[in-house]
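Asker: Sequence below, structure please.
(one chain, ligands or ions: 2)
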Amino acid sequence: MAAGEGNKDKYSVLLPTYNERRNLPVITWLLNATFTQENLDWELIIVDDGSPDGTQEVAQQLIKVYGSSRILLKPRAGKLGLGTAYVHGLQFATGNFVIIMDADFSHHPKFIADMIRVQKEKNYDIVTGTRYRGDGGVYGWDLKRKLVSRGANLFADTVLRPGVSDLTGSFRLYKKEVLQKVIRSTESKGYTFQMEMMVRAKAMGCTVAEVPISFVDRLYGESKLGGDEIVEYAKGVLSLWMKV
Ligand SMILES: Nc1nc2c(ncn2[C@@H]2O[C@H](COP(=O)(O)OP(=O)(O)O[C@H]3O[C@H](CO)[C@@H](O)[C@H](O)[C@@H]3O)[C@@H](O)[C@H]2O)c(=O)[nH]1
Ligand SMILES: [Mg+2]
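Answerer: Numbers count the residues shown, from 1 in each chain. Ligands and ions are numbered 1, 2, ... in the order given. Down below sits the predicted model:
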């Protein structure tokens, strides 16, 4: 069946932002182009944590351009972290599918069409972007960050054996009820969040497919990954090992 006519699917994109004023208009434009081309219903839910750079003013402008049924701004008062940003945004999602992604072009909207197509192949619960299989890759990171990412995936894969090649990536498509269920059981809030979500989803018996993506380091601004997060992540893997 061609997408669109008679297709009741709706895709809610959850986009956490912190100081993404310069990236937000282009990512929104690309999302609109992708969903229009695929003839799919969608909405964008921006969860901004009081960014001092004026991200929310830009979001308000985008609401005027694209309409308040397409773009929703659901801000929070302060920087409360990525994990809880998804929990917050999810309450407002009206789609039956939810896509989570970054606002800084590390996750290019062009891969969304692939993810949707793969989801439909076997009605998968989750489709995750992977940097570590097929044509996937990482561009723009220095060797240290590459090693940290590879090491983080290898470590979790060795200890927990979830059978998913990219556990720490966060470009994913979920059935909404699956995301609601998995997110309820997930405890970590920081960088460990994505890995814990996937390990728990697999433990619950969810079906997961992978789509290779190229992850390109952000154009503007800085990542928030540091030594503390690495230690937290290692602790997260080990505590899941005891529990799952
Ligand atoms: N609302 C909100 N948004 C946030 C926060 N921290 C970061 N963001 C937003 O979340 C996205 C990712 O943040 P980055 O700071 O760009 O993360 P990164 O270091 O590039 O990490 C990415 O890759 C990792 C895997 O290598 C992922 O684990 C991580 O989730 C993210 O996708 C961006 O859209 C950023 O604006 C926060 O506290 N609150
Ligand atoms: Mg980034």
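Asker: how far is stretch 177-197 from where the chain is centred?
Answerer: Centroid separation for stretch 177-197 versus its chain: 11 Å, with CA atoms, centre = their mean, to the nearest Å.
Asker: Mind checking if it is in reach of ligand 1?
Answerer: Yes. Interface with ligand 1: stretch 177-197 contributes 191, 194 (CB under 6 Å from any ligand atom). Every C-beta, even on glycine, is put in place using the N, C-alpha and C of the backbone.
Asker: what do you get for stretch 204-219?
Answerer: Yes. Residues of stretch 204-219 contacting ligand 1 under CB under 6 Å from any ligand atom: residue 218.
Asker: any residue of that stretch up close to ligand 2?
Answerer: Yes. Residues of stretch 204-219 contacting ligand 2 under CB under 5 Å from the ion: residue 218.
Asker: Check which residues of that stretch are buried.
Answerer: 206, 208-216 (16 or more other CB atoms under 10 Å).
Asker: Which element is encountered next along the chain beyond the helix or strand encompassing residue 152?
Answerer: If you go by DSSP states H and E, residue 152 is part of helix 143-160. Sequence-wise, the next helix or strand downstream of helix 143-160 (DSSP H and E) is strand 172-175.
Asker: residues of whichever helix or strand comes after that following strand that come out buried?
Answerer: Later in the chain than strand 172-175, the nearest helix or strand by DSSP H and E is helix 176-185. Residues of helix 176-185 classed as buried by neighbour count (16+ other CB under 10 Å): 176, 178-179, 181-183.
Asker: before we move on, back to that, using JSON lines, please lay out the buried residues of stretch 204-219 together with distance to residue 225, secondary structure and pLDDT.
Answerer: What follows is the buried residues of stretch 204-219, written out as JSON lines (distance: CB to CB, whole Å; DSSP: H, G, I helix; E, B strand; the rest coil; pLDDT from 0 to 100):
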{"residue": "206", "distance to residue 225": "27", "secondary structure": "coil", "pLDDT": "97"}
{"residue": "208", "distance to residue 225": "24", "secondary structure": "strand", "pLDDT": "97"}
{"residue": "209", "distance to residue 225": "27", "secondary structure": "strand", "pLDDT": "97"}
{"residue": "210", "distance to residue 225": "23", "secondary structure": "strand", "pLDDT": "97"}
{"residue": "211", "distance to residue 225": "23", "secondary structure": "strand", "pLDDT": "97"}
{"residue": "212", "distance to residue 225": "22", "secondary structure": "strand", "pLDDT": "97"}
{"residue": "213", "distance to residue 225": "18", "secondary structure": "coil", "pLDDT": "96"}
{"residue": "214", "distance to residue 225": "19", "secondary structure": "strand", "pLDDT": "94"}
{"residue": "215", "distance to residue 225": "13", "secondary structure": "strand", "pLDDT": "93"}
{"residue": "216", "distance to residue 225": "16", "secondary structure": "strand", "pLDDT": "91"}
